[in-house]
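> Task: produce atomic coordinates for the following.
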Amino acid sequence: MDSTDVIVVGGGVIGLAIAWEATRTGRRVVVVDPAPGSGASHAAAGMLAAVSEYHYQEEGLLGLMLESARAWPEFADGVGAGCGYLGTPTLCLAFDPADRQALADLRAVQEAHGLDVRPLSLREARTREPLIAPSLAGAFEIPADHQVDPRRLTASLVDALTAEHGPGAVLRSRAESLVADGPGTGIAGVRLEDGRVLRAPETVVANGLGARGLGGLPVELPLRPVHGDILRLRVPERLRPLLDSTVRGLVRGRPVYIVPREDGTAVIGATQREDGAEGVLAGGVYELLRDAQALVPAVAELELLEATARARPGTPDNAPLLGRVRAHDGGGHVPGLIVATGFFRHGVLLAPAAARVVLGLLDGHADPRWEAFLPDRFAPAGRAAAAAHGGT
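Residues are numbered from 1 along each chain as shown. Below is the predicted model of the structure:
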């Protein structure tokens, strides 16, 4: 029976970020994941887009998104240059007049919340990005929306953790269940797939959709899979750089984005579906290429390297499950347990903020600003508590 200070179940961007920040405080941390970085993080585009990802009905999430976006430069600096963080802006484009009006409506909401959105003439947009289509209907810039390469980020975090604690810091195994020493004693660690028990005073459940199948959870986590197709393409030398900004746009009402990478590739995404289909859909690939080419015609000359589909963990209100679980008897929280999952399409963006929230909980300091995201808020007792405090 082994022990450590903190167990993090899940080796995606969220789990690894939490583990890294906890490690930096001197804690001994073990991440449990059979294949770190291979889930939703592997497919993510890595847009750090607190402003352009802002949608109606997400006012409650906006504060956390903005806080995390502000934290990203410092977080990336701590991880190291190898994580692929780029402070390049985002350019939003409208294909036709109807798309222009839809983006203008969204921009008005963004500006009403004090977000920095800067209209551009099409001439200015083409001066900045010469390869965008000449017949677009509108453009604006979001200076604060940046990007990171999630695959490089997860690899860098694994390297940093193993450099600090040795190869045992990332345990390539599956956590089958949480364990407790007895009724009402709280969580004391996890049982691994081979039957071994790993003990710690604190366990963080951060394994995305996998949290649904983790035994011993004191509350049901209402997670649903939201699948999406995403493409990776190589830009030929003669077309580099394809773009200097991340491009997001509407094409006949359909959203599409193109994220340029430092290595001469580009990421195009992403479809979104909840029909249960898990593989890459031919129709999704067609739509992404068609719409990306409408914004940047040179997309037709790129080499298709990879089409990937992954499921992102959604919740009933599309906000994360983040915090401690309230005890059924109303006497505080379940000791030794923190939940950090359900980040849907915002996982990469919210990683630094999630790590800070969890670190505060490990230190005994809960931030009341994020109580709307408590992981038991959809349970009957959680809904009653939220209503009593004026929450969701």
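> Next up, the contacts around the residue lying closest to Thr246 once chain neighbours are set aside.
Distances taken as C-beta to C-beta, 6 or more residues apart in numbering put Thr90 closest to Thr246, at 4.5 Å, once the chain neighbours are dropped. Every residue, glycine included, has its C-beta placed from N, CA and C. By C-beta atoms under 8 Å, 6 or more residues apart in numbering, the contact set of Thr90 is 47, 49, 51-52, 141-142, 145-146, 245-248.
> helix or strand for Arg290, which one?
helix 282-295 (DSSP states H and E).
> ok, and what's touching that helix?
Outside helix 282-295, the residues that reach it (C-beta under 8 Å, 6+ apart) are 93, 95, 132-133, 136, 228-231, 247, 249, 251-252, 254, 256, 258, 268-271, 273, 299-300, 304, 307, 309.
> Please spell out which residues along it are buried.
Within helix 282-295, the residues scored as buried using 16 or more other C-beta atoms under 10 Å are 284-285, 287-289, 291-295.
> For it, list the C-alpha coordinates in CSV.
The C-alpha trace of helix 282-295 is given here as CSV (Å, rounded to 0.1, in the frame of the first residue of the first chain):
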residue,chain,number,x,y,z
ALA,A,282,-17.4,12.1,-43.3
GLY,A,283,-20.0,14.8,-43.3
GLY,A,284,-18.2,16.6,-40.5
VAL,A,285,-14.9,16.5,-42.3
TYR,A,286,-16.6,17.8,-45.4
GLU,A,287,-18.3,20.7,-43.6
LEU,A,288,-15.1,21.7,-41.8
LEU,A,289,-13.0,21.8,-45.0
ARG,A,290,-15.8,23.6,-47.0
ASP,A,291,-16.4,26.3,-44.4
ALA,A,292,-12.7,26.8,-43.6
GLN,A,293,-12.0,27.2,-47.3
ALA,A,294,-14.7,29.8,-47.6
LEU,A,295,-12.8,31.9,-45.1
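> State the mean pLDDT of it.
The pLDDT scores in helix 282-295 average 97.
> tell me how far that helix is from the chain's mean position?
Centroid separation for helix 282-295 versus its chain: 23 Å, with C-alpha atoms, centre = their mean, to the nearest Å.
> buried ones in stretch 39-57?
Buried-residue list, stretch 39-57, by 16+ other C-beta under 10 Å: 39-54.
> Output it as CSV, restricted to C-alpha atoms.
Taking Å, rounded to 0.1, in the frame of the first residue of the first chain, the C-alpha atoms of stretch 39-57 are listed here in CSV:
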residue,chain,number,x,y,z
GLY,A,39,-8.5,11.9,-24.2
ALA,A,40,-10.3,15.2,-25.0
SER,A,41,-7.0,17.1,-24.5
HIS,A,42,-5.5,15.2,-27.5
ALA,A,43,-8.1,16.5,-29.9
ALA,A,44,-8.5,20.0,-28.4
ALA,A,45,-7.5,23.0,-30.6
GLY,A,46,-6.2,24.9,-27.6
MET,A,47,-7.9,28.3,-28.1
LEU,A,48,-7.6,30.4,-25.0
ALA,A,49,-10.7,32.3,-26.0
ALA,A,50,-12.5,33.8,-23.0
VAL,A,51,-14.0,36.5,-25.3
SER,A,52,-14.8,34.7,-28.5
GLU,A,53,-16.0,31.6,-26.6
TYR,A,54,-18.4,33.8,-24.6
HIS,A,55,-22.0,32.7,-25.5
TYR,A,56,-25.4,33.7,-24.3
GLN,A,57,-26.5,32.2,-21.1
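> one step back: the buried residues of helix 282-295 into JSON lines, with extra columns for distance to Val109?
Listed next are the buried residues of helix 282-295 as JSON lines, based on distance: C-beta to C-beta, whole Å:
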{"residue": "Gly284", "distance to Val109": "28"}
{"residue": "Val285", "distance to Val109": "31"}
{"residue": "Glu287", "distance to Val109": "26"}
{"residue": "Leu288", "distance to Val109": "26"}
{"residue": "Leu289", "distance to Val109": "30"}
{"residue": "Asp291", "distance to Val109": "23"}
{"residue": "Ala292", "distance to Val109": "25"}
{"residue": "Gln293", "distance to Val109": "29"}
{"residue": "Ala294", "distance to Val109": "25"}
{"residue": "Leu295", "distance to Val109": "22"}
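> Perfect, that will be all.
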